[in-house]
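Asker: Based on what follows, work out the 3D shape:
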Amino acid sequence: MLLNRRQVLGTALGLAATRQLAVAAETADGFTEIRAQAVTLHLLDDDSGETAAWGYSGGPEPAVIRARQGQELKLRFINDLPQEIWLHFFGVRGPSDVMTLNVPAGADNAVDCVFTPPDAGTFWIGPMSDVSRARDMGLYAVLVVDEAAVAANLADLVLVLDDWKLTEGGAIEGDFGDAETMVGEGRMGNWFTINSHYRPKLHLEPGKFTRLRLLNAANVRSMGVMFKGYDPLLIARDGQPLQPAPLDGKPLLLAPGQRADLLVSPEEGDIGLALDLFEDVVEIGYLVPGARGEAPQLAENFMLPPNPLPVLANIAEARKVSIVLDGGIKGGLKSAIFNGAERDLRTLLENGKGWAINGVAGPAPEPLFTAQKGEAILLEVDNRTGFSQPLHVHGHVWQVVEETPSGIWQDTAVIQPKELLSLAMVADNAGTWAIHSLVAERVDGGMIASFKIVEPAP
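Answerer: Numbers count the residues shown, from 1 in each chain. As a prediction, the model looks like this:
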């Protein structure tokens with residue numbers, strides 16, 4: 001479906017997205033209370049059906065939690081769902097003991113989480129167990145960490161992009177755990193939303209540039225986001241600032257779990273948002289200026305302040321670690337270690353596994369590697385599968401290395417099929433961490449491993 005101006009101006013759904021995204025409530029003792037609970041969404045364009053989903057806000061939009069860089073954040077998680085949940089702070093370089101949490105079911109089992117975010121940026125909270133079901137049901141929240149000092153006089157707008165796998169009546173198709181889906185492409189959705197609304201109108205504040213904070217919350221779909229009628233400035237990826245640069249009319253590609261921050265101006269008129277699906281272009285929403293104000297101003301040398309990231313030096317002396325990704329219907333996986341023993345492919349599939357890292361399906365008793373805090377590590381990732389693999393690292397950021405490091409810090413790298421990609425990182429955050437696929441069905445299916453960072457001996 002191609003965008004045209006008449007469609008942008010004629011949509012009847014503008015009121016659906018004028019509200020701010022839901023923000024969790026603060027308790028008397030200073031905690032932000034976040035409840036995982038069942039919610040009812042109206043995702044279809046004519047409100048003809050209801051979608052039983054999960055969420056953290058109790059409302060129709062994904063929850064947005066706001067914090068400030070360098071200031072203590074106090075969160076209290078309550079699980080009103082009928083099953084325990086494991087959740088993770090994606091992209092946040094916080095302390096290892098609270099970046100991944102188990103929250104048992106029941107209001108009496110609240111879990112408190114207190115830490116100080118070291119980085120400003122756009123991050124998210126997502127599931128780490130039964131990921132295919134939990135993420136596809138909408139169990140995610142956005143964590144916005146504002147800069148310690150205000151970067152600029154910008155308006156702020158969070159856009160959570162998702163594709164839902166729905167029946168004609170609007171219900172989520174419940175074929176979770178299907179082995180063919182797990183070893184194949186994954187749960188590819190058929191219905192696109194922004195902030196759980198179908199083709200919403202999102203109003204831009206007059207007189208200011210707006211900082212768009214995009215999150216791709218889909219299970220498997222990489223999204224090529226197009227901006228019709230405007231060329232925004234890309235200013236950050238995965239929460240880490242970039243030298244601002246226009247998209248030059250090209251789609252902004254976001255793998256599952258990736259984020260990007262962009263600047264748009266309300267003075268240029270309506271901006272259409274669409275997805276490049278290769279065989280088609282699908283409109284997903286519109287940015288609409290409010291009442292006209294003064295023309296927004298932006299310093300010519302504008303750039304978000306850098307985060308306190310480690311210095312990547314002496315890359316030639318970095319310790320090399322080999323990581324082999326294998327599995328899936330286009331791979332050659334015949335067996336893997338599962339629960340401490342070598343299992344053939346049939347046995348793996350019977351146990352819901354079909355992917356492996358270094359020959360192990362699912363978390364292994366031993367980490368991929370153990371590093372001293374401050375040590376430089378060069379991960380040489382060999383993707384032997386037939387699929388692109390968005391690989392995510394917990395508690396750290398890395399840079400792609402060709403002849404030299406790219407200079408761009410991210411927490412997710414996309415490794416193409418049959419590609420060998422080098423990733424450089426500094427092991428600067430002590431604790432036990434994970435590396436895993438960001439395709440929901442693949443992390444459930446075994447593409448996850450751990451590594452450990454220890455303090456140097458005195």
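
Asker: wait, what's in contact with residue 431?
Answerer: 95, 96, 97, 395, 452, 453 (Cβ atoms under 8 Å, 6 or more residues apart in numbering). From N, CA and C alone the C-beta is placed, and that goes for glycine too.

Asker: State the distance from it to residue 140.
Answerer: According to Cβ to Cβ, to the nearest Å, residue 431 and residue 140 sit 23 Å apart.

Asker: How about residue 124?
Answerer: For residue 124, the distance to residue 140 - Cβ to Cβ - is 6 Å.

Asker: More neighbours: which of the two?
Answerer: With neighbours defined as other Cβ atoms under 10 Å, residue 124 and residue 140 compare such that residue 124 has more, 26 against 23.

Asker: how long is stretch 322-339 from one end to the other?
Answerer: With Cα to Cα, to the nearest Å as the measure, stretch 322-339 spans 22 Å from end to end.

Asker: likewise stretch 151-169?
Answerer: 45 Å.

Asker: what stretches of the stretch 201-350 of the chain score poorly on pLDDT?
Answerer: The stretch 201-350 of the chain contains residues with pLDDT under 70 at 293.

Asker: Which secondary structure state is assigned to residue 285?
Answerer: strand (DSSP: H, G, I helix; E, B strand; the rest coil).

Asker: typo on my end, residue 211
Answerer: The three-state label given to residue 211 by three-state DSSP is strand.

Asker: which residues touch it?
Answerer: Here residue 211 is in contact with 154, 155, 156, 157, 235, 261, 262, 263 (Cβ under 8 Å, 6+ apart).

Asker: so how far is residue 63 from the fourth one?
Answerer: As defined by Cβ to Cβ, residue 157 lies at a distance of 15 Å from residue 63.

Asker: Those two: which has the busier surroundings?
Answerer: More crowded of residue 157 and residue 63, by other Cβ under 10 Å: residue 63, with 23 against 19.

Asker: How many neighbouring residues does residue 279 have?
Answerer: Residues lying near residue 279 (other Cβ under 10 Å) number 5.

Asker: how far away is it from residue 224?
Answerer: 12 Å.

Asker: one step back: would you mind giving the contacts of residue 211 as a markdown table with secondary structure added?
Answerer: Shown next, in a markdown table, are those (three-state DSSP):
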| residue | secondary structure |
| --- | --- |
| 154 | coil |
| 155 | strand |
| 156 | strand |
| 157 | strand |
| 235 | strand |
| 261 | strand |
| 262 | strand |
| 263 | strand |
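
Asker: which one of the residues you listed sits closest to residue 73?
Answerer: Nearest to residue 73 among those: residue 156, at 17.6 Å, using Cβ to Cβ.

Asker: pretty sure that closest one contacts residue 213?
Answerer: Yes. Between residue 156 and residue 213 a contact is recorded at 7.0 Å, counting by Cβ atoms under 8 Å.

Asker: Could I get the full set of strands for the stretch 301-450 of the chain?
Answerer: 319-327, 335-338, 341-344, 355-357, 370-372, 375-383, 389-393, 398-401, 412-415, 420-427, 431-437, 448-454 (DSSP state E, counting those that start in this stretch).

Asker: Quick check: buried residues in the third one?
Answerer: Pointing back at strand 341-344 there. residue 343 (16 or more other Cβ atoms under 10 Å).

Asker: So which other helices or strands are in contact with it?
Answerer: strand 335-338 (3 or more Cβ pairs under 8 Å, 6 or more residues apart in numbering; DSSP states H and E).

Asker: The fourth one now?
Answerer: In this structure, strand 355-357 packs against strand 319-327, strand 431-437, with contacts taken as 3+ Cβ pairs under 8 Å, 6+ apart.

Asker: Check the average confidence over that strand, would you?
Answerer: Strand 355-357 shows a mean pLDDT of 98.

Asker: Can you tell me what sits against that strand?
Answerer: So strand 355-357 is contacted by 183, 323-328, 333, 336-337, 361, 368, 385, 435-437, 442, 445-449 (Cβ under 8 Å, 6+ apart).

Asker: So what's the gap between that strand and the chain middle?
Answerer: Taking Cα atoms, centre = their mean, to the nearest Å, the mean C-alpha location of strand 355-357 is offset from the chain mean by 21 Å.

Asker: Tell me the spacing between residue 258 and residue 400.
Answerer: 14 Å.

Asker: Give me the more crowded residue out of these two.
Answerer: Applying other Cβ under 10 Å to residue 258 and residue 400 shows that residue 258 carries more neighbours, namely 25 against 16.

Asker: correct me, but that one touches residue 390?
Answerer: Yes. Assessed by Cβ under 8 Å, residue 258 is found in contact with residue 390 at 7.2 Å.

Asker: check contacts around residue 253.
Answerer: Residue 253 touches 222, 223, 224, 225, counting by Cβ under 8 Å, 6+ apart.

Asker: how far away is the third one from residue 198?
Answerer: Put plainly, it is residue 224. Here the criterion is Cβ to Cβ. By it, residue 224 lies 19 Å from residue 198.

Asker: what sits in contact with each of residue 124 and residue 140?
Answerer: Common contacts of residue 124 and residue 140 (Cβ under 8 Å, 6+ apart): 215, 217.

Asker: In stretch 186-202, which residues are buried?
Answerer: Residues of stretch 186-202 classed as buried: 186-187, 189, 191-202 (neighbour count, 16+ other Cβ under 10 Å).

Asker: which of those sit farthest apart?
Answerer: Farthest apart among the buried residues of stretch 186-202 - using Cβ to Cβ - are 186 and 201, which lie 30.7 Å from each other.

Asker: can you give me the strands in the stretch 1-150 of the chain?
Answerer: 32-41, 51-55, 63-68, 73-79, 85-90, 100-103, 106-115, 121-127, 141-146.

Asker: Just send the ones you listed back as TSV, with distance to residue 171 too.
Answerer: Shown next, in TSV, are the strands of the stretch 1-150 of the chain (distance: least, Cβ to Cβ, whole Å):
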stretch	distance to residue 171
strand 32-41	11
strand 51-55	6
strand 63-68	23
strand 73-79	23
strand 85-90	22
strand 100-103	26
strand 106-115	27
strand 121-127	20
strand 141-146	23
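
Asker: Residue 241 is nearest to which of those strands?
Answerer: Within the strands of the stretch 1-150 of the chain, the stretch nearest residue 241 is strand 121-127; the backing value is 7.7 Å (Cβ to Cβ).

Asker: Who are the packing partners of the closest one?
Answerer: Counting by 3+ Cβ pairs under 8 Å, 6+ apart, strand 121-127 packs on strand 85-90, helix 131-136, strand 141-146, strand 210-216, strand 259-264.

Asker: which SSE is residue 180 in?
Answerer: Element membership of residue 180 [criterion: DSSP states H and E] is helix 179-183.
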